[in-house]
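**Student:** this one's structure only:
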Ligand SMILES: Cc1cc2nc3c(=O)[nH]c(=O)nc-3n(C[C@H](O)[C@H](O)[C@H](O)COP(=O)(O)OP(=O)(O)OC[C@H]3O[C@@H](n4cnc5c(N)ncnc54)[C@H](O)[C@@H]3O)c2cc1C
């Protein structure tokens, strides 16, 4: 299954595809720079045509044409994927299929607590549509203004509220997709129970565009809780974060919806990259925890008394509680601008690893040790969704040195650091990709760490459903 077996698309195929979508439905690559861009600036996408279907039938017709001609299709939604799954990085032979014109909310079914959204709906627009009906859609992440439902499903996105509401897989009741042979799988009915054989919805979720093009989904809505309480806590170690979480659960039950770890270095980086944002803690604060709980009126008071208990037990160094939406936004701005601050500081490794929650503290310290053995002076910003065990280690050159200088003077450091993090994660029973997927960046890593039974089964499923290997060739498995 390598790229080389793909036929380059001939002029007749390109004409047939353009006829399916009409003049408004395609772009040459030079007119579509956005579709070639990597959010982390490491890759440059390639391809021969960007096609923009506006209906499921058009998607199906194009996939059928490509399957017959054995030409690769790379599905593209918001383009915020960080593992190059949406980019054809080493062949011009692929058709880039952007779902951006399929951006309608088809239905809001209030009795079913469901919103039926097309794949090209921007996540933030789905939030707004839910809000118009007094409901909320819980999936949320810093890329919410650009990423889309199709990409969220294809990557089984996680984000900041997995702790309470689960990831995209847990929020999807039904799916519509075009399979690699062009057949339309129409399973949008929002059933909570449906034991009729293999769950194809779950096969497509997290498949990163390798088993079909997702065109729409029935997504679960939740009621909006009357009160939100947000606190920012200075703490001594990641182990304290988990102790605090357990303590607060004792008072608030499952009301905690977000628990985000930030490092002292991370806070410094955000504050220096975005001078309008202020690190509220004293210099020297080693770790911080952003905690949010939602629930009935009074949840804020209950959180405050739970935090007082944590102070008494010396689990906290300092605590700030937001008293308004604007204070809450300022705290979240510190967290949500962290990926950009890392990029600006020259991050050359952005891991997306998860371990069992009980192992997070050891995982963070063991990773730091392993990276220091490779280079003692690089800076490590370990942060992320600690409540579900998902820690992002961002590794940056020593202060005063650029990424290019570091890489030039330490050939191989990028791969060495990535593999060291993978190995520590694996040793702690973790995953090399918690929420971003494998894309084209981590295909070798998957082969190394998946285990033979898992890897062989993935290959066999791919071969069975996509025998001509037209769906996102080169992503997930090479
Ligand atoms: C600043 C920033 C913060 C982020 N934070 C998080 C976070 O907290 N949690 C998290 O999980 N991710 C995060 N991400 C990663 C990214 O936003 C998610 O992976 C997101 O789900 C990708 O959605 P997208 O629409 O941009 O997909 P794209 O980038 O367009 O595509 C991603 C993958 O899905 C496939 N795909 C796209 N559309 C379809 C479709 N319709 N059918 C089949 N396959 C398709 C593509 O081929 C590709 O493999 C972050 C990214 C950035 C830049």
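**Tutor:** Nice, thanks for sending it over. Treat the numbers as computed from the prediction; the structure is a model and nothing was measured. Numbering: from 1, shown residues only.
**Student:** for the residue of the stretch 201-350 of the chain found nearest the ligand, give me its contacts.
**Tutor:** At 3.1 Å from the ligand, residue 209 is the closest residue in the stretch 201-350 of the chain, using C-beta to the nearest ligand atom. Heads up, the C-betas are built off the backbone N, CA and C, glycines and all. Going by C-beta atoms under 8 Å, 6 or more residues apart in numbering, residue 209 touches 74-75, 85-86, 154, 471-472, 475.
**Student:** kindly recompute the last result at 7 Å.
**Tutor:** With contact taken as C-beta atoms under 7 Å, 6 or more residues apart in numbering, residue 209 is in contact with 74-75, 85, 154, 471-472, 475.
**Student:** so where do the strands sit in the stretch 301-450 of the chain?
**Tutor:** Counting by DSSP state E, counting those that start in this stretch, the stretch 301-450 of the chain has strands at residues 318-321, 349-350, 353-354, 379-385, 390-396.
**Student:** which stretch among those comes nearest the ligand?
**Tutor:** The ligand sits nearest to strand 379-385 of all the strands of the stretch 301-450 of the chain, at 7.1 Å, using C-beta to the nearest ligand atom.
**Student:** which elements pack onto that closest one?
**Tutor:** With contacts taken as 3 or more C-beta pairs under 7 Å, 6 or more residues apart in numbering; DSSP states H and E, strand 379-385 sits against strand 256-263, helix 264-273, helix 360-374, strand 390-396.
**Student:** close to the ligand, is the last one?
**Tutor:** Translated: strand 390-396. No - judged by C-beta under 6 Å from any ligand atom, strand 390-396 stays clear of the ligand, getting no closer than 8.3 Å.
**Student:** quick one on the thing from earlier: with mean pLDDT and mean neighbour count as added columns, please give the strands of the stretch 301-450 of the chain in JSON lines.
**Tutor:** Below are the strands of the stretch 301-450 of the chain laid out as JSON lines (pLDDT from 0 to 100; neighbours: other C-beta atoms under 10 Å):
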{"stretch": "strand 318-321", "mean pLDDT": "96", "mean neighbour count": "17"}
{"stretch": "strand 349-350", "mean pLDDT": "94", "mean neighbour count": "20"}
{"stretch": "strand 353-354", "mean pLDDT": "96", "mean neighbour count": "24"}
{"stretch": "strand 379-385", "mean pLDDT": "97", "mean neighbour count": "25"}
{"stretch": "strand 390-396", "mean pLDDT": "97", "mean neighbour count": "26"}
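**Student:** so which of these comes closest to residue 222?
**Tutor:** Residue 222 lies closest to strand 379-385 among the strands of the stretch 301-450 of the chain, at 18.6 Å (C-beta to C-beta).
**Student:** what sits up against the closest one?
**Tutor:** With C-beta under 7 Å, 6+ apart, strand 379-385 has contacts from 158, 160, 162, 260-263, 265-266, 269, 338, 342, 364, 367-368, 371, 390-396, 398-399.
**Student:** quick one, what contacts the residue lying closest to residue 292 once chain neighbours are set aside?
**Tutor:** The shortest distance from residue 292 to any residue other than its chain neighbours is 4.1 Å, reached at residue 258 (C-beta to C-beta, 6 or more residues apart in numbering). Contacts for residue 258 (C-beta under 7 Å, 6+ apart) come out as 160-161, 163, 290-292.
**Student:** now the buried members of those residues.
**Tutor:** Burial by neighbour count, judged by 16 or more other C-beta atoms under 10 Å, picks out 160-161, 163, 290-292 from those.
**Student:** which ones among these are found in strands?
**Tutor:** The strands, defined by DSSP state E, take in 290-292 from those.
**Student:** can you confirm residue 284 is in a strand?
**Tutor:** No - Residue 284: not assigned to a strand; according to DSSP: H, G, I helix; E, B strand; the rest coil it is coil.
**Student:** gap between it and residue 386?
**Tutor:** 21 Å (C-beta to C-beta, to the nearest Å).
**Student:** try residue 71
**Tutor:** Using C-beta to C-beta, one gets 44 Å for the distance from residue 71 to residue 386.
**Student:** same check on residue 219?
**Tutor:** Counting by C-beta to C-beta - residue 219 and residue 386 are separated by 26 Å.
**Student:** run through who's touching stretch 100-115.
**Tutor:** So stretch 100-115 is in contact with 52-54, 116-121, 126, 129-130, 133, 137, 173, 190, 215-216, 218-221, going by C-beta under 7 Å, 6+ apart.
**Student:** pLDDT on that stretch, on average?
**Tutor:** Here stretch 100-115 scores 97 as its mean pLDDT.
**Student:** make 307 the first number, not 1, from now on.
**Tutor:** Understood, numbering begins at 307; the last thing we discussed is stretch 406-421.
**Student:** go through it and flag the buried ones.
**Tutor:** For stretch 406-421, the buried set under the neighbour-count rule, 16+ other C-beta under 10 Å, comprises 406-409, 411-412, 414, 418-421.
**Student:** OK, contacts around residue 522?
**Tutor:** Residue 522 neighbours (C-beta under 7 Å, 6+ apart): 412, 422-425, 482, 494.
**Student:** which of these tops the neighbour count?
**Tutor:** Each of the contacts of residue 522 was scored for neighbours by other C-beta atoms under 10 Å, and residue 423 scores highest at 29 neighbours.
**Student:** wouldn't that one be in contact with residue 432 here?
**Tutor:** Yes - counting by C-beta atoms under 7 Å, residue 423 does reach residue 432; the two are 5.3 Å apart.
**Student:** who touches both of these two?
**Tutor:** With C-beta under 7 Å, 6+ apart as the test, residue 423 and residue 432 both reach residue 455.
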